[in-house]
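Student: How does the following fold in three dimensions:
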Amino acid sequence: MFVHANIAEKYSLFSETWSPRVIGELNENFIKIARLKDDFVWHSHEHEDELFVVYKGTLYMDFRDGSTAEVKPGEILIVPKGVEHLPYTKNGEEVWTMLVEPKETLHTGTTTTDKTVAVEDQVRI
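Tutor: Prediction:
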């Protein structure tokens, strides 16, 4: 069965931030969308690379080496496995992003906070 989805329509189905929604599967990966606003948490994924595709707004990503990536609409960022990163937005802007990651990827890696959403709790829309 094929999947056909309107991305903007999918974003209209939820308003929570930092709570990914699964919109499809590709091989052994989930395709997720998320609304991001303000700061998230420092974390890494020991075994998985993480792909961010920015749909709306500007995503900032800090790395422990002191560098920052600025990712604008239509751009991607791939964070290699094991690299600690901190995603955030500025000035109260909401960012819409799509993520492609292996199904077993933990939301905040081995870091657990009140913002962590377990894989089994990530809503499918």
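
Student: if I pick the residue lying closest to Pro80 once chain neighbours are set aside, what's in contact with it?
Tutor: Once flanking residues are discounted, Pro80 sits nearest to Asp49: 5.4 Å by C-beta to C-beta, 6 or more residues apart in numbering. (C-beta placed from N, C-alpha, C; glycine too.) Residues in contact with Asp49 (C-beta atoms under 8 Å, 6 or more residues apart in numbering) are 78-81, 101.

Student: which one among those residues gets closest to Phe14?
Tutor: Glu101 (18.6 Å; C-beta to C-beta).

Student: Was I right to think that closest one contacts Glu28?
Tutor: No - in this structure Glu101 lies outside contact range of Glu28 using C-beta atoms under 8 Å: 10.0 Å.

Student: More neighbours: the two, which one.
Tutor: Glu101 (21 against 9; other C-beta atoms under 10 Å).

Student: middle-most residue in the chain, spatially?
Tutor: Leu99 (4.9 Å; C-alpha atoms, centre = their mean).

Student: Kindly state the pLDDT recorded for Leu26?
Tutor: What the model reports as pLDDT for Leu26 is 92.
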